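Q: Pasting the sequence and the predicted coordinates here, then a few questions.
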Amino acid sequence: MESFIHALNDFLWGPPLIILMIVTGLYFTIRSGAFQIVHFPYILKRTVGILFHTKEELKEEKENNVKGLVSPFEAIATAVGGSVGYGNIAAVATAITIGGPGAVFWMWFTALLGMLIKQVEVTLAVYYRRTDEEGNPYGGPTYYMERGLGEERGFGKLWLIPAFIFGIGIFSTFFITASNYTTSKVVAETFGIPKGFVSFCIMIIVSVMVWGGIKRLARIFTKLVPIMSLGYLFFGILSIILNIENLPSVIVSIFHDAFTGTAAFGGFAGVSMRKVISIGMARSVYSNEAGWGSSPMIHASSKTRHPIEQGLWGSFEVFVDTFIVCSITAISVLITEQWTSGAVDAELAMQVFGLQFGQFGRVFITLTMMIFALTTSGGWYAYYETVLRHLAKDHPKLKNIILVIFKRCYAIPPFLLALYLMYVGDISIWTLVDITSGIPTFINVIVILILSKQYFKLLKDYKGRYMNIGEYNEDEPIFYEDKIEKEKK
């Protein structure tokens, strides 16, 4: 069984998906004129820049963004809560212990292309979203598969095939997730508490957190995400400064090993170039979720004036997640020269922070991992709820029953998996989670390629309408539901 799981993982993150991700990212980058690079200052202006607007400007923004369930910042906070998490610490540390320094380069490269891939999937999710019977909008990959493929592209009921495979992939993470297991190990080791008890406590906390639904989660994340991210970045940067003399050699090794692989030394077993690329791309997608199709499910509920506008937040999300948070983790691990010590997973991060800041460092990274795990679990609950709402969209009573049951049971499978891995199983948790990310990513990236025409149409409209670049049609509907309504009239 273990050999089959490893073989499946090697296939999913082998040449087919690697080539598909690179080709898709380059296609959108080249055809958009490298939008995520050329217009990066504008992306910052329309995302983080809004947070520094005056009260009058914020009031105007609120009046313009009339369509949606949550604010753009609440959407990005929830989405970042789902993507910025234990993966930025444990998964990145694991990427380096498996793939060496070169894996960091491929994480960066994938994220650079991923900034536009996520912008595309978020844009399509907002454009094709559906308003439910309560007047709240929901969207995501299954929605743009139904409306984009099924209705606009003439696929008919065939859209159900990719939607089914995508749904299976997404919901496999409901049963296979590293959050509870990884965090329980770290907390137990730091404070000397039984792992099973810690795992149970995490299950209870997550359950209480998600019972309030997406709106409550959004309010929680707007407070937790900035605090946890800034605190982690501060001590990560401080760790790098304390070892600044090693930084030049670390940068050289990242670029050199990306194209040569890494020889065996210390506690590192050595790795080929192909493995370096595979592990770097897999961890990048797992961390920032670009192409995975997950975070568009919460972005689709945002209040925004234009689908591309929310897509800019998607690009910003990938930038923060990988180029800032993941980079801090990676360089901290490499610059302290602990990555060949034999420590793995979150234990390596704890070792690095413990080396720099003593017991305080170990406690700090443990608490950070704890918060990251909770926000990640909460963010993913929002994704699952979106898929379930679409599944039962025509049956309101059934939908409410399903959501209530799911909400009550949500935290149980991660707890059971954690117990299994602690006391029975010996399969690497990261091999399992790579499989769960590979399946939906494969399907979703193919779908956004098919629907690329609609994205570029919206991009042209946005650039003309708000960036004074080119022309646009004032009467052109910028949301699919508006288009349907106009056609009916």
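A: Cool, the structure landed.
Q: Identify each buried residue in stretch 318-335, please.
A: Using 16 or more other C-beta atoms under 10 Å as the test for burial, stretch 318-335 gives 318-323, 325-335. Yep, even glycine has a C-beta here, placed from its N, CA and C like the rest.
Q: Quick one: the strands in the chain, in order.
A: Using DSSP state E, the strands of the chain run over 130-131, 137-138.
Q: what's the spacing between the last one and its chain's center?
A: Meaning strand 137-138. With C-alpha atoms, centre = their mean, to the nearest Å as the basis, strand 137-138 stands 19 Å off its chain's centre.
Q: same for it, what does it pack against?
A: strand 130-131, helix 345-391 (3 or more C-beta pairs under 8 Å, 6 or more residues apart in numbering; DSSP states H and E).
Q: circling back: can you redo the strands of the chain as TSV with distance to residue 398?
A: Shown next, in TSV, are these (distance: least, C-beta to C-beta, whole Å):
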stretch	distance to residue 398
strand 130-131	17
strand 137-138	16
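Q: hang on, the earlier thing: rank the helices and strands packed on strand 137-138 by mean pLDDT and give me the bottom one.
A: For the helices and strands packed on strand 137-138, mean pLDDT drops lowest on helix 345-391, to a mean of 78.
Q: how much distance is there from that one to the middle of the chain?
A: Relative to its chain's centre, helix 345-391 lies at 13 Å (C-alpha atoms, centre = their mean).
Q: Over to stretch 400-409?
A: Worked out by C-alpha atoms, centre = their mean, stretch 400-409 lies 24 Å from the chain centre.
Q: before we move on, back to that, just name the most buried of the strands of the chain.
A: Ranked by mean neighbour count under mean count of other C-beta atoms under 10 Å, the strands of the chain are led by strand 137-138, which reaches a mean of 22.
Q: Let me know the average pLDDT across that strand.
A: Taken as a whole, strand 137-138 carries a mean pLDDT of 80.
Q: quick one: strands adjacent to it?
A: Looking at strand 137-138 with DSSP bridges, its partner strands are strand 130-131 (antiparallel).
Q: one step back: show me the one of the strands of the chain that comes nearest residue 161.
A: Relative to residue 161, the nearest member of the strands of the chain by C-beta to C-beta is strand 130-131, separated by 19.8 Å.
Q: now what about that closest one, what contacts it?
A: The contact list for strand 130-131 (C-beta atoms under 8 Å, 6 or more residues apart in numbering) reads 137-139, 143, 147, 390, 393, 481.
Q: give me that answer again for 6 Å
A: Strand 130-131 is touched from outside by 137, 143, with contacts defined as C-beta atoms under 6 Å, 6 or more residues apart in numbering.
Q: Quick check: which of the strands of the chain is nearest to residue 254?
A: Among the strands of the chain, the nearest to residue 254 by C-beta to C-beta is strand 137-138 (40.2 Å).
Q: out of the helices and strands packed on strand 137-138, deepest packed?
A: Mean neighbour count (mean count of other C-beta under 10 Å) peaks for helix 345-391 among the helices and strands packed on strand 137-138, with a mean of 22.
Q: Okay, the nearest residue to residue 336 once chain neighbours are set aside and residue 329: tell me how far apart.
A: Spatial nearest neighbour of residue 336, chain neighbours left out: residue 352 (5.1 Å); criterion: C-beta to C-beta, 6 or more residues apart in numbering. Residue 352 sits 9 Å away from residue 329, taking C-beta to C-beta, to the nearest Å as the criterion.
Q: go on, residue 450?
A: In terms of C-beta to C-beta, residue 450 sits 35 Å off from residue 329.
Q: Check residue 307 too.
A: From residue 307 across to residue 329, the span is 32 Å (C-beta to C-beta).
Q: Equivalent analysis for residue 160, please.
A: Counting by C-beta to C-beta, the separation of residue 160 from residue 329 is 40 Å.
Q: Likewise for residue 96?
A: Per C-beta to C-beta, residue 96 is found 9 Å from residue 329.
Q: cool, residue 362 as well?
A: Counting by C-beta to C-beta - residue 362 and residue 329 are separated by 16 Å.
Q: mind showing which ranges of the stretch 101-250 of the chain have poor pLDDT?
A: Within the stretch 101-250 of the chain, the segments meeting pLDDT under 70 span 133, 212-226, 228.
Q: go with 80
A: 132-136, 171, 173-179, 182, 208-232 (pLDDT under 80).
Q: circling back: need the contact list for the residue nearest to residue 336.
A: Residues near residue 352 by C-beta under 6 Å, 6+ apart: 332-333, 336, 338.
Q: So what's the residue count around the closest residue to residue 388 other than its chain neighbours?
A: Nearest residue to residue 388 in three dimensions, chain neighbours excluded: residue 402, at 5.6 Å (C-beta to C-beta, 6+ apart). Neighbour count for residue 402, taken as other C-beta atoms under 10 Å: 16.
Q: and what of residue 464?
A: Residue 464: 16 surrounding residues under other C-beta under 10 Å.
Q: how near is it to residue 313?
A: Residue 464 sits 20 Å away from residue 313, taking C-beta to C-beta as the criterion.
Q: Ok, residue 105 next?
A: Residue 105 is 26 Å from residue 313, where distance means C-beta to C-beta.
Q: Residue 165 against residue 441, yeah?
A: No - using C-beta atoms under 6 Å, residue 165 is not in contact with residue 441, being 11.4 Å away.
Q: In terms of neighbours, single out the busier of those two.
A: Using other C-beta under 10 Å, the more surrounded residue of residue 165 and residue 441 is residue 441, with 28 against 15.
Q: Excluding sequence neighbours, find me the nearest residue to residue 183.
A: Ranked by C-beta to C-beta, 6+ apart and with sequence neighbours excluded, the top spatial neighbour of residue 183 is residue 373, at 4.1 Å.
Q: That'll do, ta.
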